[in-house]
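In: need a 3D model of the sequence below.
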Amino acid sequence: MARNSTPEMENREKSKRVSALSGLIPFLRPYKTMVILSGFALVLTATISLILPMAVRRVVDGFGENNAHLLDQYFGAALGIAAALAVGTGLRYYLVTRLGERVVADIRKAVFDRVITLSPAFYEKIMTGEILSRITTDTTVIQSVIGSSVSVALRNVLLLFGGMGLMLYTSAKLTGLVLLIVPAVVVPIIVLGRRLRKLSRENQDWIAASSGSASELLGAVQTVQAFTQEKITADSFDEVTEKAFTSAKRRIGTRATMTIIVIFLVFSGVVGVLWIGARDVQSGAMSAGELVQFLIYAILVAGAVGALSEIWGELQRAAGATERLVELLNTKDSVTDPANPKTLPRPVRGAIDFQGVSFAYPTRPDHIALKDATISIAPGETVALVGPSGAGKSTIIQLLLRFYDPQSGQVMIDGIDLRELARADFRE
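Out: Predicted coordinates for the structure are as follows:
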C-alpha cells in the first residue's frame with residue numbers, strides 16, 4: 001500500500017512562472033500543421049474583429065447622406081464581415097479544441113507509460129491516488145488551457161495591440177488618455193498574479209492529496225472495517241478535503257479580487273475618455289462615426305485586458321499542472337537497467353545465490369528487513385521460506401525480482417549479479 005505523502009507534497013517546488021508551460025512543447029511538436037492552421041484561424045478572426053468597427057463607422061456616418069445605395073453597400077459589407085467572423089471562429093474552435101484533446105491524450109499515455117515502469121520503491125514514497133490525480137485532474141486543466149485559454153489569450157493579445165493601434169489612428173488624443181490608466185491596471189495583475197500562482201499550485205497539491213487519501217483508504221477498506229476505524233478514517237479524509245476547499249477558496253477569492261479591480265479600473269477609464277470624446281463630437285473635432293469606432297475599439301481593448309487578467313490565472317494553474325506532470329515524466333527510478341546489460345547463458349539453469357545481502361525499505365531505513373543474509377538454492381531445488389511476519393520472506397522474493405536493490409551484498413542468478421542484467425531478461 002502506498003504511504004501518505006503529504007509532507008513530500010508540501011515540500012515540492014512551487015511554480016514560479018508561466019514559462020513552465022514550455023514543458024508541453026514536445027507534445028505539440030508532432031502537430032505543427034494543426035498548430036499553424038489554428039494560428040491562422042486565430043489571426044483571421046482577430047483581424048476581422050478589428051475591421052468590423054471601421055464598417056460600423058461608415059454606416060453611422062452614412063446616415064447623414066442621402067445615398068441609399070451606398071448605405072446598402074455598407075450594411076452588406078458589415079454582414080459579409082460578420083459571416084467571415086462566424087466561420088473563422090468556428091474553424092478556430094474546432095482546430096484548437098481538437099489539438100487540446102489530442103495533446104492531452106498523448107500526455108496521459110506518456111505519463112502512464114512512465115509510471116508503469118517505475119519500481120515499487122517509487123510507490124513507497126507517493127500515493128497511487130496522487131498519481132491518478134495528476135493523470136486525470138492535471139491533464140484536464142491542461143486540456144482546458146490548450147483547447148481554450150491559450151487560444152483566447154492569444155486572440156485577446158492581438159485585439160489588445162491591434163485595437164490600441166487603431167485607437168491611436170482614430171484619435172491620438174483619446175488614446176493618450178486611455179494609456180494613462182494602463183499602469184493602474186498592470187500593477188494589480190502583477191501583485192495579485194504572484195499570489196494566485198502560489199495558491200493555484202497549493203490547491204492542486206491538496207486535491208491530489210485528497211484523491212490519494214481516498215484511494216489508499218478504500219484500498220484497505222477491509223482492514224478499516226475490521227478494526228472499526230470508519231469514523232476516524234472518514235474524519236481524516238474530511239480534514240484533507242476541507243484543506244483542499246480552503247485552499248481553493250483562497251485562490252478563488254484572490255482571482256475574484258484581481259478581476260474586480262482590473263475590470264473596474266479599465267471601464268472607469270473608458271467611460272471618462274468617452275465623456276471627453278462626446279464633447280469633441282459636440283465641438284465638431286471628430287465625427288459621430290469616429291467616436292463610435294473609437295468606442296468599439298476601446299471596448300475591445302478593455303475586454304481583452306479583462307479577459308487576459310482572468311486567463312492569466314488559468315495559465316498559472318496550468319503551469320503548476322505541467323510541472324507536476326513533467327516531474328513524473330522525469331522521475332529518476334532507483335532501480336534501473338545497466339547501459340550494457342549482460343545476458344543469462346542459455347539454457348538458464350536457475351541457480352539462486354544471496355551473498356551477504358542487507359536491505360531496508362526506502363520508507364523505513366532504520367528497520368533492517370534483511371541483515372547479512374546468505375542463501376544458496378540449487379537449480380531444481382524446492383525451498384520453503386518459513387518465519388514470523390516481518391522475518392523477510394516477502395523481501396527475499398522482491399529482491400529476487402529486483403523490485404529493490406540491496407544496500408549491500410549481491411543477489412545472483414547463475415552466478416551473475418541481477419544489477420548487471422536487464423530486468424526483463426531474468427523476469428521472463
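In: grab the nearest non-local neighbour of Trp206.
Out: Using C-beta to C-beta, 6 or more residues apart in numbering and skipping the chain neighbours, the partner closest in space to Trp206 is Ala244 (3.8 Å). Using the backbone N, CA and C atoms, a C-beta is placed for each residue, glycine as well.
In: low-confidence bits of the chain, can you list those?
Out: The model of the chain has pLDDT under 70 over residues 1-18, 63-67.
In: strands along that one, start to end?
Out: Here the chain has its strands, by DSSP state E, at 352-359, 370-377, 408-413, 416-417.
In: pipe those strands into a markdown table and attach distance to Tyr123 and mean neighbour count per row.
Out: Formatted as a markdown table, those follow (distance: least, C-beta to C-beta, whole Å; neighbours: other C-beta atoms under 10 Å):
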| stretch | distance to Tyr123 | mean neighbour count |
| --- | --- | --- |
| strand 352-359 | 17 | 18 |
| strand 370-377 | 20 | 14 |
| strand 408-413 | 21 | 18 |
| strand 416-417 | 24 | 17 |
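In: any chance of CSV for those, columns distance to Phe267?
Out: Below are these laid out as CSV (distance: least, C-beta to C-beta, whole Å):
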stretch, distance to Phe267
strand 352-359, 67
strand 370-377, 71
strand 408-413, 70
strand 416-417, 72
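In: for Glu216, find the nearest of those.
Out: Comparison of the strands of the chain against Glu216 by C-beta to C-beta identifies strand 352-359 as nearest, at 24.3 Å.
In: now the angle from the closest one to strand 408-413?
Out: Angle, strand 352-359 to strand 408-413, by axes from the mean of the first three to the mean of the last three C-alpha atoms, to 10 degrees: 150 degrees.
In: for strand 352-359, what is the distance to the chain centroid?
Out: Centre-to-centre, strand 352-359 and its host chain are 44 Å apart (C-alpha atoms, centre = their mean, to the nearest Å).
In: what's the answer for stretch 202-214, then?
Out: That offset, for stretch 202-214, works out to 15 Å (C-alpha atoms, centre = their mean).
In: equivalent analysis for stretch 27-34, please.
Out: On the basis of C-alpha atoms, centre = their mean, stretch 27-34 sits 18 Å off its chain's mean C-alpha point.
In: of all the strands of the chain, which lies closest to Ser19?
Out: Nearest to Ser19, of all the strands of the chain, is strand 352-359, at 42.0 Å by C-beta to C-beta.
In: which other residues reach that closest one?
Out: Identification of contacts with strand 352-359 by C-beta atoms under 8 Å, 6 or more residues apart in numbering yields 368-377, 395-396, 399-400, 404, 406-413, 415.
In: try it again with 6 Å
Out: For strand 352-359, contacts defined as C-beta atoms under 6 Å, 6 or more residues apart in numbering pick out 369-377, 406-412.
In: which members of those are the farthest-apart pair?
Out: Maximum pairwise distance in the contacts of strand 352-359, criterion C-beta to C-beta, is 21.8 Å, between Ile377 and Gln407.
In: out of the contacts of strand 352-359, the closest to Gly289 would be?
Out: Nearest member of these to Gly289, counting by C-beta to C-beta, is Gln407, at 81.7 Å.
In: can you report how many residues lie near Thr343?
Out: Per other C-beta atoms under 10 Å, the neighbour tally for Thr343 reads 11.
In: typo on my end, Asp106
Out: Asp106: 17 neighbours (other C-beta under 10 Å).
In: and Leu160, by the same measure?
Out: Counted with other C-beta under 10 Å, residues neighbouring Leu160 total 19.
In: can you list the domains in this protein?
Out: Per automatic domain parsing, the structural domains of the chain span 6-329, 352-427.
In: Pro338 is nearest to which of those domains?
Out: Closest of those to Pro338 is domain 352-427, at 5.9 Å (criterion: C-beta to C-beta).
In: mind checking how far the closest one is from the chain centre?
Out: 40 Å.
In: tell me which of the strands of the chain sits nearest to Leu265.
Out: strand 352-359 (63.1 Å).
In: count of neighbours near Asp72?
Out: Under the neighbour criterion other C-beta under 10 Å, Asp72 is assigned a count of 11.
In: please tell me how far it sits from Asp61.
Out: Asp72 sits 15 Å away from Asp61, going by C-beta to C-beta, to the nearest Å.
In: do Gly380 as well
Out: 100 Å.
In: so which of these two has more stuff around it?
Out: Asp61 (16 against 8).
In: was I right to think that one contacts Leu291?
Out: No. Applying C-beta atoms under 6 Å as the test, Asp61 and Leu291 come out as separate, 10.4 Å apart.
In: next, show the common contact partners of these two.
Out: By C-beta under 6 Å, 6+ apart, no residue touches both Asp61 and Leu291.
In: how about the contacts made by Ala20?
Out: By C-beta under 6 Å, 6+ apart, the neighbours of Ala20 are 319, 322-323.
In: please read the previous query as pertaining to Arg114.
Out: Taking C-beta under 6 Å, 6+ apart, we find Arg114 in contact with Leu329.
In: do that again at 10 Å, thanks
Out: Residues near Arg114 by C-beta atoms under 10 Å, 6 or more residues apart in numbering: 325, 328-331, 333.
In: go through the residues you listed and give me the one with the most neighbours.
Out: For those, the largest neighbour count, defined by other C-beta under 10 Å, is 24 neighbours, found at Leu325.
In: wait, Pro345 sits on Ile416?
Out: Yes. Shown here, Pro345 and Ile416 form a contact pair, counting by C-beta atoms under 10 Å, at 8.4 Å.
In: name the helices or strands packed onto the lengthiest helix in the chain?
Out: Identified as the longest helix of the chain according to DSSP state H is helix 230-283. Applying 3 or more C-beta pairs under 10 Å, 6 or more residues apart in numbering; DSSP states H and E, one finds that helix 230-283 makes contact with helix 172-179, helix 182-219, helix 221-226, helix 288-329.
In: perfect, that will be all.
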